[in-house]
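Undergrad: Got a sequence here, can you model it:
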Amino acid sequence: MRSSALLLVLALLAGCATMTESECRGADWYQLGYRDADPYGLRPQFYLYEQQCKAWVQASEADYMRGWVDGYREFNTRMTGSECCAPN
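TA: Residues are numbered from 1 along each chain as shown. Got it, this is the predicted structure:
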């Protein structure tokens, strides 16, 4: 129960985090998407990053979503255990 509450708080804080100018300029959009989806299974947060970074850079939605899809696939695999029992 305690770990679930901690994960929820961390997920909420991740959604509220702001990016600085240097973070926006150096962002790996694929990795940001992946990080949002795995390990927490967050919904895509691209629009937040886009708003935070629009003064400095144009965020790459395509890269972010590719990362998010890969991360979410990894999250789902781990949560459902579908890799545990696959025939070799």
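Undergrad: Quick check: buried residues in stretch 43-50?
TA: Within stretch 43-50, the residues that qualify as buried are 44-46, 48-50, counting by 16 or more other Cβ atoms under 10 Å. From N, CA and C alone the C-beta is placed, and that goes for glycine too.
Undergrad: now swap in stretch 19-35 and tell me
TA: 19, 24, 27, 29-30, 32-35.
Undergrad: Now intersect the buried residues of stretch 43-50 with the helices, please.
TA: Judged by DSSP state H, the subset of these located in helices is 46, 48-50.
Undergrad: For burial, what's the neighbour tally of D36?
TA: For D36, the neighbour count with other Cβ atoms under 10 Å is 26.
Undergrad: Contacts only, for E21.
TA: 55-56 (Cβ atoms under 8 Å, 6 or more residues apart in numbering).
Undergrad: If we use 6 Å, what do you get?
TA: E21 is in contact with W56, counting by Cβ atoms under 6 Å, 6 or more residues apart in numbering.
Undergrad: what residue is smack in the middle of this protein?
TA: D36 (1.1 Å; Cα atoms, centre = their mean).
Undergrad: Distance of it relative to P44?
TA: 7 Å (Cβ to Cβ, to the nearest Å).
Undergrad: again, but for D70
TA: On the measure of Cβ to Cβ, D70 and P44 end up 12 Å apart.
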